[in-house]
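S.K.: I'll drop the sequence and a predicted model, then ask my questions.
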Amino acid sequence: MKYIYMVRHAKSSWKHDVIDHERPLKSRGNNDAKLVSTHVKNSLPRPQKIISSDAKRASTTAEYFKNAWSIGDEDFSTSYEMYDFSGRQVMDTIAKLDNTLDLVMLVGHNHAFTSIANMLGSEYIDNFPTSGFVYLQFDVDSWDKVQTGKTVQTVFPRDLK
């Protein structure tokens, strides 16, 4: 079995005069990322690896989960390929995962994450919200065989407030 946790980056701020890649989180984003990461840490198994988009809003969100689960730097990485809005590069990242890993967390962006969650999961998600968490399960032994699986759980900030 292979398992993916998908997390859409937390709410970002548009108040800063920076390129899209460098936009930071706003206060609500920090609060929601902490809320969701604490909730899933207390109820779900720790991922073996976290791979995040290297965009500031995504990597900052990923840090909340890294810290909640006490994941070391060796099991945490950022990647420009995850700064993807269509989903093609995210799917390539999944297919190339090391098969010794069974549970991986990916942190990234919409529209890619809504599309991928709907393509790979068994439940339709109208819009993958910021700080949203989706847990997917696949009955395969190799990441390059991942296709439609089962949506095990969703955790959205609005569900915890």
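M.R.: Okay, I see it. Keep in mind the model is a prediction, meaning the values are calculated, not measured.
S.K.: And what about the closest residue in space to residue 103 that isn't next to it in sequence, helix, strand or coil?
M.R.: Spatial nearest neighbour of residue 103, chain neighbours left out: residue 3 (4.4 Å); criterion: C-beta to C-beta, 6 or more residues apart in numbering. In this view, the C-beta of every residue, glycine as well, is placed from N, C-alpha and C. Using DSSP: H, G, I helix; E, B strand; the rest coil, the structure places residue 3 in strand.
S.K.: check contacts around residue 3.
M.R.: By C-beta atoms under 8 Å, 6 or more residues apart in numbering, residue 3 lies in contact with 102-104, 135-138, 152.
S.K.: which one of these is nearest residue 37?
M.R.: residue 135 (13.6 Å; C-beta to C-beta).
S.K.: Surely the closest one is within a strand?
M.R.: Yes: counting by three-state DSSP, residue 135 is found in a strand.
S.K.: Let me know whether it touches residue 154 as I believe.
M.R.: Yes: in this structure, residue 135 is within contact of residue 154 by C-beta atoms under 8 Å, at 7.4 Å.
S.K.: Many thanks, I have nothing further to ask.
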